[in-house]
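*Asks:* whatever this is, show me its structure:
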Amino acid sequence: MNLPQRAGTVAVVSITRFIEAATTPLLPADYLDLFIPLRAGADLRGRIVSVTPETQDAATIEIQPGADWAGHVPGQYLRIGIDIDGIRQWRAYSLTHGPRADGRIAITVKAVPDGLVSHHLVHRASPGTLVHLEQAAGEFVLPLPGGRLLFVTAGSGITPVIGMLRNLFPVSADGVLKLPRSAAYDIVVVHVAPTRPASIFRRDLEELDRSGAIRLIARYDDEHGVLDVDDLEALVPDLAQRATFACGPAGLLEALEAHHRVRGLELQTEKFRTTFHVAGQGGTLSFAASGTTVSADGDRPILDVAEQAGVLMPSGCRMGICFGCVLPLREGIVRDLRDGAVTTATPGDGVVIQTCISAAAGDCHFDH
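*Replies:* The predicted structure follows:
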């Protein structure tokens, strides 16, 4: 390095250190996050652009992602993080469209019973809100270059499928467009919902059916009763010649897996949530790093129980340092000892808890 280059480098380092000293305890990047949160190089975020109701308990959330969003394939999902009452909650939602010219992305969320994040997004989220994002993932995508397909969906399980269908058959002012890329597909959709008004994307599906883009078989519980998978051969006579893609509640997917396994039929499923937890009083605490498992009462802080069992726990509580005891809850259910609020986590949710004020309300698993 010659002398001018070295002098220039020293000057840049000196200026950087000066700026960092002037902004302590924050860094310059922290201020950029305030004013340009979607910039390249920042943690991946998005800004909610609109919230559009689809049914009484479902809404489409349109998001402008940050500059480092890498795009997605129709049918994939993303994990979205949103701060609720000071705690960042992560959930996975399918993208409900293909790549868009405006660069925006959208998810459609159904508010489920006791669903903290889904209720917040459907009923409380507003344009301008910043959310945290992860890149798109998932293998529940269309086979290329075409094929004879059966989609079996129930409730919000339609969301990844509508993303595929919208990409194959875009809708314009002139109606449904049948593009060259969609010509090699022969698609039947069996869609299940409690009632016709509660069916998410019902109008989209019906329009695609009227245009001949797909064949829709709508099954509403109040009209047809609960779908019996053994009826699929009657509903779809050429079932054996189709590859089946299914997304919906665990009970439906398990029944389909058993049905198709016996008949040797091809099936690919997408499961949003594989584990359900019911709040109780107490449970076990499992710590993967140490291999320790200990029983915990429902009225004692997890921090105290774990420390008594010899687990080295992070904590600054006793020195007046709040949030020093925060740990990720990989899976399980806890109750806040202050107000009784219950928090659940399944793998991938990204839930963190304060162990000093949380008690076990079921079996809890920590990677710590």
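
*Asks:* where does the closest residue to K271 other than its chain neighbours land in three-state SS?
*Replies:* Closest residue to K271 apart from its sequence neighbours, by C-beta to C-beta, 6 or more residues apart in numbering: L253 at 6.2 Å. C-beta coordinates here come from the backbone N, C-alpha and C atoms, glycine included. At L253 the chain is in helix, as set by DSSP: H, G, I helix; E, B strand; the rest coil.

*Asks:* and V122, what is it in contact with?
*Replies:* 51, 57-59, 109-111 (C-beta atoms under 8 Å, 6 or more residues apart in numbering).

*Asks:* any chance of those residues in CSV, plus neighbour count?
*Replies:* Output for these, formatted as CSV (neighbours: other C-beta atoms under 10 Å):
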residue, neighbour count
V51, 18
D57, 19
A58, 23
A59, 22
V109, 28
K110, 21
A111, 18
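
*Asks:* quick check, pLDDT for the residue positioned nearest the centre of the chain.
*Replies:* For the chain, A92 is the residue whose C-alpha lies nearest the centre (C-alpha atoms, centre = their mean; 0.8 Å). With respect to pLDDT, A92 scores 86.

*Asks:* isn't T55 up against R196?
*Replies:* No: with contact defined as C-beta atoms under 8 Å, T55 and R196 do not form a contacting pair (10.4 Å).

*Asks:* who's more crowded, those two?
*Replies:* With neighbours defined as other C-beta atoms under 10 Å, T55 and R196 compare such that T55 has more, 18 against 12.

*Asks:* now the more buried one: closest residue in space that isn't a chain neighbour?
*Replies:* With C-beta to C-beta, 6+ apart as the measure, A198 is the residue that lies nearest to T55, at 5.5 Å, once sequence neighbours are left out.

*Asks:* list the residues that contact that neighbour.
*Replies:* With contacts defined as C-beta under 8 Å, 6+ apart, the neighbours of A198 are 55-57.

*Asks:* change it to 10 Å
*Replies:* Contacts here follow C-beta atoms under 10 Å, 6 or more residues apart in numbering; on that basis A198 touches 54-58, 110, 155, 220-222.

*Asks:* with distance to Q354, secondary structure and pLDDT added, can I get these in JSON lines?
*Replies:* Listed next are the contacts of A198 as JSON lines, based on distance: C-beta to C-beta, whole Å; DSSP: H, G, I helix; E, B strand; the rest coil; pLDDT from 0 to 100:
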{"residue": "E54", "distance to Q354": "35", "secondary structure": "strand", "pLDDT": "93"}
{"residue": "T55", "distance to Q354": "36", "secondary structure": "strand", "pLDDT": "91"}
{"residue": "Q56", "distance to Q354": "35", "secondary structure": "coil", "pLDDT": "90"}
{"residue": "D57", "distance to Q354": "31", "secondary structure": "coil", "pLDDT": "92"}
{"residue": "A58", "distance to Q354": "32", "secondary structure": "strand", "pLDDT": "94"}
{"residue": "K110", "distance to Q354": "29", "secondary structure": "strand", "pLDDT": "91"}
{"residue": "G155", "distance to Q354": "33", "secondary structure": "helix", "pLDDT": "88"}
{"residue": "Y220", "distance to Q354": "44", "secondary structure": "strand", "pLDDT": "94"}
{"residue": "D221", "distance to Q354": "41", "secondary structure": "helix", "pLDDT": "92"}
{"residue": "D222", "distance to Q354": "44", "secondary structure": "helix", "pLDDT": "93"}
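
*Asks:* now, which of the residues you listed sits nearest G340?
*Replies:* Comparing the contacts of A198 against G340 with C-beta to C-beta places D57 closest, at 24.8 Å.

*Asks:* who's in contact with the closest one?
*Replies:* 109-113, 115, 118-119, 122-123, 156, 198, 200.

*Asks:* now, these that are in strands?
*Replies:* Cross-referencing the contacts of D57 against strands under DSSP state E gives 109-110.

*Asks:* in helices, which of the contacts of D57 appear?
*Replies:* Residues of the contacts of D57 located in helices (DSSP state H): 118-119, 122-123.

*Asks:* dump the C-alpha coordinates for stretch 181-196 into CSV.
*Replies:* Listed in CSV are the C-alpha atoms of stretch 181-196, where the atom choice follows Å, rounded to 0.1, in the frame of the first residue of the first chain:
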residue,chain,number,x,y,z
ARG,A,181,-46.5,-22.1,-19.4
SER,A,182,-49.9,-23.4,-18.1
ALA,A,183,-50.8,-25.5,-21.2
ALA,A,184,-49.1,-28.6,-20.0
TYR,A,185,-51.1,-28.8,-16.7
ASP,A,186,-54.4,-30.6,-16.1
ILE,A,187,-55.5,-29.6,-12.6
VAL,A,188,-58.4,-30.6,-10.3
VAL,A,189,-58.9,-28.9,-7.0
VAL,A,190,-60.9,-30.5,-4.2
HIS,A,191,-61.3,-27.6,-1.7
VAL,A,192,-62.9,-28.1,1.8
ALA,A,193,-64.3,-25.4,4.0
PRO,A,194,-66.8,-25.1,6.8
THR,A,195,-69.2,-23.0,4.8
ARG,A,196,-69.2,-21.3,1.4
